[in-house]
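got a predicted model here, sequence first, then my questions.
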Amino acid sequence: MNRRQFLRVAALSALAGCSNASPGRGGSDGTDGDGTDGAGGSDGGNSGPTADAAKRDLAAQPTLGPPVGEASGLIVAFEDPSCTRCRAFDQTVFPKIRSNLVETGRATFAFRGYPVVYEWGDPASHALEATYARDADAFWALVGHYFDNQGSFRGKPAEDVYAQTQSFLSSDTDLDAAAVVSEARGDAAASAVQTDLDAGMAAGAGRTTPHLFLFRDGEFQTKAAGSVSYETIEAVLQV
Amino acid sequence: MSPRLPTRRADWRLLARTVRLVLSIPVYAVLSVVAAVLALSVFVFSQNIPLVSFALTGSIPLDARLTILLERYPFLGTDFGTLTGLALLAVAGLTGVDIAMVTYHVREHGLSVEQGGGSAVGVVLGVLGAGCAACGSAILVGVLSLVGATGLLTALPLEGLEFSLLAAVVLVLSLYWLADGMRGGRINGCPVDIGR
């Protein structure tokens, strides 16, 4: 292979090979309606009306800190339990948000399950919704459990995800774990997950997680994709 | 004769010596650093264009603007993990050296356009490889969505780091071909010559 051939192969291999791949989760479940947004804010990034979709049904979402609307800052985080950058965000950035912004009353943090990465994130998100419906503290514990143990879930079918979830809820919470998992398989949890997916897609989160939508005094400031630092969030919010 | 792949120890020695000689000229050393910083900026800013746009145009103090911009870089912020950050720095550094070599070759020896192609391919792959592709590396998701193949990203064992590694390979080969093209010449008064 000479230089010209090599360069041609290198430039095209990613795309040519990809076109034969089977569609991802988004492609098969109908949630891959955006995808292009992540290419750098094709929606303009700072366009308020679109980004406000991130706040849809926010009252029904798990939040920390002052009630929505009371604190100057609002962070709406679309996260996938199976996403490794979400894990990094949860383990390194979220604790600072919690202690410096949420617990001081300067901002409200809202979590929206957004399963667009690995398959197991979908049943996990269903389980999170079913758990939150019963107990908020157990919900946050389960979020941490998923992030802390991604390796044991990756590649597992939904049944295994539910089984491991039930095991955790049984041992670490007071919930009726079997009932929670049963509800996770039901329509209510599916509807709740779909609400988050619809909100994220409408807001322009695309298929990138974590995706943060940052508001100050009710006004959308900007969105941030990936495991952005606490300093970044603080600089944007100015609260 | 078509340029070949570096397979012998002498090929790598030629590459190292040529790079060292070109970068011993201050203007090309500076150029390589500037090009590397620019390349790295393209890689990291492309992952968060709305945020970068907000830093430049939003109603926030100057120090907040600088914070938002600086936090985008590997190891200054938390956008990238250790491996991805190292890969980004390596690709950016190689891009800088490659651009300095191309510029030197163009100015001193004349160079056909196609010989600079490695730099362009390396930069494109560097952008694609920035971030966690599986979690939605922004540019890569956008590109793959055009061919309906976003699901492929979750099948990559290194979560998209593959693109950065490919970029590094392309850039190293580009450097070798540039060095091979300078074989027999002189750089900064020193002979490049190392036997084939």
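Noted; the coordinates are in hand.

in chain A, where is pLDDT below threshold?
Of all residues in chain A, those with pLDDT under 70 make up the ranges A:1-49.

give me that answer again for 90
Within chain A, the stretches with pLDDT under 90 are A:1-50, A:206-208.

what's the distance between the residue most central in space within it and residue B:12?
Most central in chain A under Cα atoms, centre = their mean is residue A:79, positioned 1.2 Å from the mean C-alpha point. Applying Cβ to Cβ, to the nearest Å, one obtains 45 Å for the distance of residue A:79 from residue B:12. Just so you know, the C-beta spots here come from the backbone N, C-alpha and C atoms, and that holds for glycine as well.

give me the neighbour count for residue A:176.
Using other Cβ atoms under 10 Å in any protein chain shown, residue A:176 is surrounded by 14 other residues.

hang on, the earlier thing: contact partners for the residue nearest to the centre of chain A?
Under the criterion of Cβ atoms under 8 Å, 6 or more residues apart in numbering or on different chains, the contact partners of residue A:79 comprise A:86, A:89, A:90, A:111, A:112, A:113, A:114, A:209, A:210.

measure how buried the second one is and give me the count.
Neighbourhood size, residue A:89 [other Cβ under 10 Å]: 26.

now do the helices in the chain.
All of this refers to chain A. Assigned by DSSP state H, chain A shows helices spanning A:3-18, A:25-29, A:48-51, A:84-88, A:94-96, A:121-134, A:136-148, A:150-153, A:158-172, A:177-184, A:187-203, A:230-237.

to clarify, I was referring to chain B.
Using DSSP H, helices in chain B cover B:9-23, B:26-45, B:49-57, B:62-70, B:82-108, B:117-129, B:138-145, B:161-181.

reformat the ones you listed as CSV; add mean neighbour count.
Supplementary listing: the helices of chain B in CSV, determined by neighbours: other Cβ atoms under 10 Å in any protein chain shown:
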stretch, mean neighbour count
helix B:9-23, 18
helix B:26-45, 18
helix B:49-57, 20
helix B:62-70, 16
helix B:82-108, 21
helix B:117-129, 24
helix B:138-145, 25
helix B:161-181, 23
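
looking at chain B, which helix or strand is least sure?
Counting by mean pLDDT, DSSP states H and E, chain B has its least confident helix or strand at helix B:138-145, which shows a mean of 58.

pull out the buried residues from stretch A:192-203.
Under the neighbour-count criterion of 16 or more other Cβ atoms under 10 Å in any protein chain shown, stretch A:192-203 has A:192, A:193, A:195, A:196, A:197, A:199, A:200, A:201, A:202, A:203 buried.

with stretch A:226-239 instead?
Neighbour-count burial for stretch A:226-239 flags A:226-237, A:239 (criterion: 16+ other Cβ under 10 Å).

could you do stretch A:157-171 as well?
Taking 16+ other Cβ under 10 Å as the criterion, stretch A:157-171 shows A:158, A:161, A:162, A:164, A:165, A:166, A:168, A:169 as buried.

quick revisit: and of the contacts of residue A:79, the nearest to residue B:76?
Nearest to residue B:76 among these, counting by Cβ to Cβ, is residue A:89 at 16.4 Å.

which non-adjacent residue is nearest the closest one?
Counting by Cβ to Cβ, 6 or more residues apart in numbering or on different chains, the nearest residue to residue A:89 once its immediate chain neighbours are dropped is residue A:227, at 4.1 Å.

dump the helices of chain A to TSV, plus distance to chain B.
As requested, the helices of chain A are exported to TSV (distance: least, Cβ to the nearest Cβ, whole Å):
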stretch	distance to chain B
helix A:3-18	4
helix A:25-29	6
helix A:48-51	9
helix A:84-88	4
helix A:94-96	10
helix A:121-134	10
helix A:136-148	13
helix A:150-153	12
helix A:158-172	15
helix A:177-184	22
helix A:187-203	11
helix A:230-237	4
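
do you know which of these lies nearest residue B:175?
Distance to residue B:175, taken as Cβ to Cβ, is lowest for helix A:3-18 among these, at 11.8 Å.

most neighbours, which of the contacts of residue A:79?
Of all the contacts of residue A:79, residue A:209 has the most neighbours under the rule other Cβ under 10 Å, reaching 32 neighbours.

surely that residue touches residue A:83?
Yes: contact status for residue A:209 versus residue A:83: in contact at 4.5 Å, counting by Cβ atoms under 8 Å.

how about the helices of chain A, which one is nearest residue B:109?
Ranked by Cβ to Cβ, the member of those that lies closest to residue B:109 is helix A:3-18, at 16.8 Å.

please tell me how far residue A:214 sits from residue B:34.
When Cβ to Cβ is the yardstick, residue A:214 and residue B:34 sit 32 Å from each other.

ok, now residue B:51?
Distance of residue B:51 to residue B:34, given as Cβ to Cβ: 24 Å.
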